[in-house]
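1. build me a structure from this.
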Amino acid sequence: MKVYGIKNCDTVKKTLKWLDDNGASYEFHDFKKLGINEGKLAEWASKVGYETLLNKKGTTWKKLEPAEQASIVNQEAAFKLMQDKTSVIKRPVVEKGGEIAVGFDPEALKSLL
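-> Alright, predicted model coming up:
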């Protein structure tokens with residue numbers, strides 16, 4: 001199991017605690033330190049859609065200029081933004097065996113265990 005996110009994100013912290021409490025072993029990939037490649041974003045988007053991965057409720061999105069927000073009209077533009085500003089990716093993304101869960105969702109996490 002691999003968990004993608006940012007260490008200081010409260011939702012990531014909650015997910016990691018849940019995984020620890022449920023005896024799951026996982027590898028953590030920190031977006032801030034390691035970034036994310038377009039291939040991985042495309043893989044996830046093929047399962048949940050790029051819109052699910054784009055966190056429009058977060059601070060990073062809200063700090064963007066309205067024109068920059070308006071320019072995110074397709075997957076290509078969204079991926080470029082996600083690679084430039086990794087904190088705009090909804091967190092965490094948890095993957096195992098070709099399946100993924102986005103955000104903190106105990107039921108989805110259980111299905112990955």
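
2. assign residue 95 to helix, strand or coil.
-> Assigned with DSSP: H, G, I helix; E, B strand; the rest coil, residue 95 falls in the strand class.

3. that one bridge partners, please.
-> Listed beta-bridge partners, residue 95: residue 2, residue 100 (assigned using DSSP bridges).

4. can you pull the contacts of it?
-> Applying CB atoms under 8 Å, 6 or more residues apart in numbering, we find residue 95 in contact with 1, 2, 4, 44, 101, 112. C-betas here are computed from N, CA, C, even on glycine.

5. quick one: those as JSON lines, columns for pLDDT and neighbour count too.
-> Shown next, in JSON lines, are the contacts of residue 95 (pLDDT from 0 to 100; neighbours: other CB atoms under 10 Å):
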{"residue": "1", "pLDDT": "96", "neighbour count": "14"}
{"residue": "2", "pLDDT": "97", "neighbour count": "13"}
{"residue": "4", "pLDDT": "97", "neighbour count": "23"}
{"residue": "44", "pLDDT": "97", "neighbour count": "22"}
{"residue": "101", "pLDDT": "96", "neighbour count": "21"}
{"residue": "112", "pLDDT": "91", "neighbour count": "17"}
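
6. what's the most distant pair in those?
-> Greatest spacing in the contacts of residue 95, by CB to CB: 1 and 44 (14.8 Å).

7. just to revisit the earlier point, which single one of the contacts of residue 95 is nearest to residue 89?
-> Of all the contacts of residue 95, residue 89 sits closest to residue 4, with 7.8 Å by CB to CB.

8. measure the residue of the chain positioned farthest from its centre to residue 77 for me?
-> No residue in the chain sits farther from the centre than residue 67, which is 23.5 Å out by CA atoms, centre = their mean. Applying CB to CB, to the nearest Å, the value for residue 67 to residue 77 is 12 Å.
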